[in-house]
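Enquirer: coords please:
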Amino acid sequence: MRSDVIKKGVPAAPNRSLLYALGYTKEEIERPLIGVVCSFNEIVPGHMNLDKIAEAVKAGIRAAGGTPVEFPAIAVCDGIAMGHVGMKYSLVTRDLIADSTEAMAMAHQFDGLVMIPNCDKNVPGLLMAAARINIPTIFVSGGPMLAGTLENGKRTCLSHMFEAVGAHFAGKLDDAGLEEYEEYACPTCGSCSGMYTANSMNCLTEAIGMGLKGNGTIPAVYSARLRLAKHAGMKIMELVEKDIRPRDIMTEAAFHNAETIDMALGCSTNTMLHLPAIAHECGIEMDLDMANEISARTPNICHLAPAGDTFMEDLDRAGGIYAVMKELADAGLIDTSLITCTGKTIAENIKDAVNRNEEIIRPLSNPFSKTGGIAVLKGNLAPDGCVVKQSAVAEEMMVHEGPARVFDSEDDAIASIYAGKIKAGDVVIIRYEGPKGGPGMREMLNPTSAIAGMGLDKEVALITDGRFSGATRGASIGHVSPEAASGGNIALVEEGDIISINIPAHTIELKVSDEELKARREKWVCPEPKVKTGYLARYAKYVSSADKGAILS
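Expert: Sure thing, here's the model as predicted:
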């Protein structure tokens with residue numbers, strides 16, 4: 001066993017003495033040592049139940065003859081961090097999580113790992129660590145939150161809550177209405193109930209083969225989630241015995257599968273940052289342009305919030321991710337020969353999957369759209385690309401042209417939006433919020449929700465070198481690369497410039513001549529860094545462009 005280096009032979013006597021100090025018996029020490037990476041904390045609603053998940057995982061490990069050893073991983077609640085300096089610290093935790101988990105796993109020489117994540121950067125961070133460490137590993141998430149219900153019976157969720165703020169500023173919702181959303185939008189523990197980033201990544205963890213059936217969809221409050229955790233604890237022992245490792249599962253073909261399932265589900269645009277970063281740790285480079293190729297052949301068959309009015313619990317009842325995969329497999333859109341953490345192939349896993357609700361998971365013959373949920377746009381405003389969740393864009397905004405309203409920070413933009421200064425037809429530009437310029441590439445859920453809440457989501461576009469929450473809807477185009485702080489053309493946009501967006505054609509153009517752009521560039525001076533000390537300053541120094549996954553070099 002890998003752990004023999006800390007528990008076998010005379011040289012390991014000091015190591016054993018410290019294991020005895022922890023209360024482990026000789027019998028426990030002689031078994032495989034399984035690291036249980038638990039992201040429990042008391043500030044993230046999606047993580048407040050993970051201590052229960054960890055206990056269930058440990059019970060499964062013991063039942064299958066292993067010794068569980070728990071250690072923590074951090075996690076940020078993007079909703080609580082939203083709209084202030086805290087959001088600068090969200091994306092950057094992905095790399096902290098990967099680095100610290102690598103350090104713990106390598107220092108203590110575990111034989112296998114069970115990762116227990118749930119929320120946005122915690123899931124990809126642990127997947128990056130799993131790929132980097134490359135010892136037998138399985139994931140079991142904390143599960144999604146149930147949807148809320150307002151007093152009139154309407155189901156609701158966090159994206160509705162953010163949009164309610166915009167409606168309140170527009171005078172469309174009174175104080176009592178806003179308070180009702182506050183009370184009912186997030187009724188249970190779990191990752192927020194729509195196809196936002198956390199649920200997107202937990203579903204893709206299952207799709208890529210690193211989580212068992214139900215990992216992405218079984219609600220956090222269901223007892224089935226605890227049974228799943230026990231089975232994950234049992235399964236890691238089989239993976240250790242068979243020496244099935246993350247890089248055996250997360251192959252290039254598996255990432256293409258994940259992108260295909262991403263398109264079918266209508267996942268968060270943040271997956272376009274996280275999948276390339278995880279693949280990079282596997283030694284695989286993902287080309288952003290591949291997204292459009294996959295989207296062109298993959299219908300979008302799920303419309304969960306914010307794109308529609310259904311939620312994760314509905315997807316679970318309809319058959320979950322395996323039912324979605326079965327629809328795609330039957331059409332030859334995914335490779336089903338790949339090995340997974342079950343020890344079986346995808347084909348074996350999904351052979352009995354059933355679509356129990358064709359309104360939630362539409363058959364490919366009746367999709368919501370013939371192309372996938374995400375599109376990559378290119379043009380002189382974003383030569384290296386930018387990303388939009390096209391499944392959540394109103395038909396009226398798929399092609400749009402309008403004057404630029406330019407802001408050098410999210411804070412300035414949101415103040416202008418709340419003040420009613422943004423008008424129908426405008427194209428809001430928020431720049432210097434990219435990986436380097438932010439630093440940290442803040443999510444822009446507040447401004448996009450304000451636009452939607454004010455009823456302008458079918459008339460106003462928003463473009464940024466920052467990023468968006470999975471809860472964002474509308475013509476919200478993020479990840480503009482190169483970013484403003486790196487001298488990208490988004491830094492040269494001036495108030496009133498005409499911006500042309502054509503999502504079906506995958507183009508985004510600043511209608512300014514090359515000669516004028518050259519003249520502007522000669523005058524452009526990069527602003528002073530917003531943060532000059534601490535982790536964010538170090539992050540800004542080493543982070544890559546968004547089109548490369550915002551990885552650290």
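
Enquirer: now the helices for the stretch 251-400 of the chain?
Expert: Secondary structure of the stretch 251-400 of the chain (DSSP state H, counting those that start in this stretch): helices located at 252-265, 271-281, 290-297, 312-318, 320-330, 346-350.

Enquirer: where does the chain dip in pLDDT?
Expert: Within the chain, no range satisfies pLDDT under 70.

Enquirer: Strands of that one, start to end?
Expert: Here the chain has its strands, by DSSP state E, at 33-38, 67-72, 112-116, 137-139, 148-149, 155-156, 375-379, 382-388, 399-407, 427-430, 461-464, 476-481, 498-502, 507-510.

Enquirer: any idea how far residue 31 is from the nearest residue to residue 486 once chain neighbours are set aside?
Expert: Leaving aside its chain neighbours, residue 486 sits nearest to residue 436 (6.2 Å; criterion: Cβ to Cβ, 6 or more residues apart in numbering). To be clear about C-beta, it is placed using only N, CA and C from the backbone, and glycine gets the same treatment. To residue 31, residue 436 is 47 Å away according to Cβ to Cβ, to the nearest Å.

Enquirer: Same list (the helices of the stretch 251-400 of the chain) but as JSON lines, adding mean neighbour count and distance to residue 74.
Expert: Formatted as JSON lines, the helices of the stretch 251-400 of the chain follow (neighbours: other Cβ atoms under 10 Å; distance: least, Cβ to Cβ, whole Å):
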{"stretch": "helix 252-265", "mean neighbour count": "24", "distance to residue 74": "25"}
{"stretch": "helix 271-281", "mean neighbour count": "25", "distance to residue 74": "17"}
{"stretch": "helix 290-297", "mean neighbour count": "18", "distance to residue 74": "29"}
{"stretch": "helix 312-318", "mean neighbour count": "22", "distance to residue 74": "24"}
{"stretch": "helix 320-330", "mean neighbour count": "23", "distance to residue 74": "27"}
{"stretch": "helix 346-350", "mean neighbour count": "20", "distance to residue 74": "32"}
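
Enquirer: Tell me which of these sits nearest to residue 97.
Expert: Comparison of the helices of the stretch 251-400 of the chain against residue 97 by Cβ to Cβ identifies helix 271-281 as nearest, at 11.6 Å.

Enquirer: Put the alpha carbons of that closest one into PDB.
Expert: Taking C-alpha atoms only, helix 271-281 is exported to PDB below (Å, rounded to 0.1, in the frame of the first residue of the first chain):
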ATOM      1  CA  THR A 271     -17.700  25.500 -16.600                       C
ATOM      2  CA  MET A 272     -15.700  27.100 -19.500                       C
ATOM      3  CA  LEU A 273     -13.100  28.100 -16.800                       C
ATOM      4  CA  HIS A 274     -13.200  25.000 -14.700                       C
ATOM      5  CA  LEU A 275     -13.100  22.200 -17.300                       C
ATOM      6  CA  PRO A 276     -10.000  23.500 -19.000                       C
ATOM      7  CA  ALA A 277      -8.300  24.000 -15.600                       C
ATOM      8  CA  ILE A 278      -9.100  20.400 -14.500                       C
ATOM      9  CA  ALA A 279      -8.000  19.000 -17.900                       C
ATOM     10  CA  HIS A 280      -4.800  21.000 -17.600                       C
ATOM     11  CA  GLU A 281      -4.000  19.100 -14.400                       C
END
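
Enquirer: Specify the angle between that helix and strand 382-388 in degrees.
Expert: 110 degrees (axes from the mean of the first three to the mean of the last three Cα atoms, to 10 degrees).

Enquirer: what's helix 271-281 packed up against?
Expert: Other helices and strands packing on helix 271-281, by 3 or more Cβ pairs under 8 Å, 6 or more residues apart in numbering; DSSP states H and E, are helix 93-108, helix 122-133, helix 197-208, helix 252-265.

Enquirer: and the gap between the nearest residue to residue 228 once chain neighbours are set aside and residue 319?
Expert: Spatially, and ignoring its direct neighbours in sequence, residue 228 is nearest to residue 214 (5.4 Å; Cβ to Cβ, 6+ apart). Distance of residue 214 to residue 319, computed by Cβ to Cβ: 10 Å.

Enquirer: what's the residue most central in space within the chain in contact with, if anything?
Expert: Among the residues of the chain, the one closest to the centroid is residue 197, at 3.4 Å (Cα atoms, centre = their mean). Shown in contact with residue 197 (Cβ atoms under 8 Å, 6 or more residues apart in numbering): 78, 120, 268, 270-271, 469-470.

Enquirer: ok, these vs residue 314, which is closest?
Expert: Distances from residue 314 to the contacts of residue 197, taken by Cβ to Cβ, are shortest for residue 470, at 16.5 Å.

Enquirer: Could I get the contacting residues of that closest one?
Expert: 120, 194-200, 267-270, 306, 389.

Enquirer: Pull out the buried residues from those residues.
Expert: Neighbour-count burial (16 or more other Cβ atoms under 10 Å) applied to the contacts of residue 470 gives 120, 194-200, 267-270, 306, 389.

Enquirer: Of all the strands of the chain, which one is nearest residue 293?
Expert: The nearest among these, by Cβ to Cβ, is strand 375-379 at 9.8 Å.

Enquirer: Kindly export that closest one (C-alpha atoms) in CSV.
Expert: Extracted C-alpha coordinates of strand 375-379, given in CSV (Å, rounded to 0.1, in the frame of the first residue of the first chain):
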residue,chain,number,x,y,z
ALA,A,375,-21.6,29.7,-27.1
VAL,A,376,-18.1,31.1,-27.6
LEU,A,377,-18.0,34.4,-29.4
LYS,A,378,-15.0,36.0,-31.2
GLY,A,379,-14.3,39.3,-32.9
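
Enquirer: And for residue 439, the neighbour number?
Expert: 26 (other Cβ atoms under 10 Å).

Enquirer: so it makes contact with residue 533?
Expert: No. Look at residue 439 against residue 533 with Cβ atoms under 8 Å: they stay out of range, at 11.6 Å.

Enquirer: ok, now how distant is residue 275 from residue 465?
Expert: Separation of residue 275 from residue 465 (Cβ to Cβ) stands at 19 Å.

Enquirer: Also residue 451?
Expert: With distances taken as Cβ to Cβ, residue 451 is found 18 Å from residue 465.

Enquirer: same deal with residue 520?
Expert: Distance check for residue 520 against residue 465: by Cβ to Cβ, it reads 17 Å.

Enquirer: Done for today, thanks.
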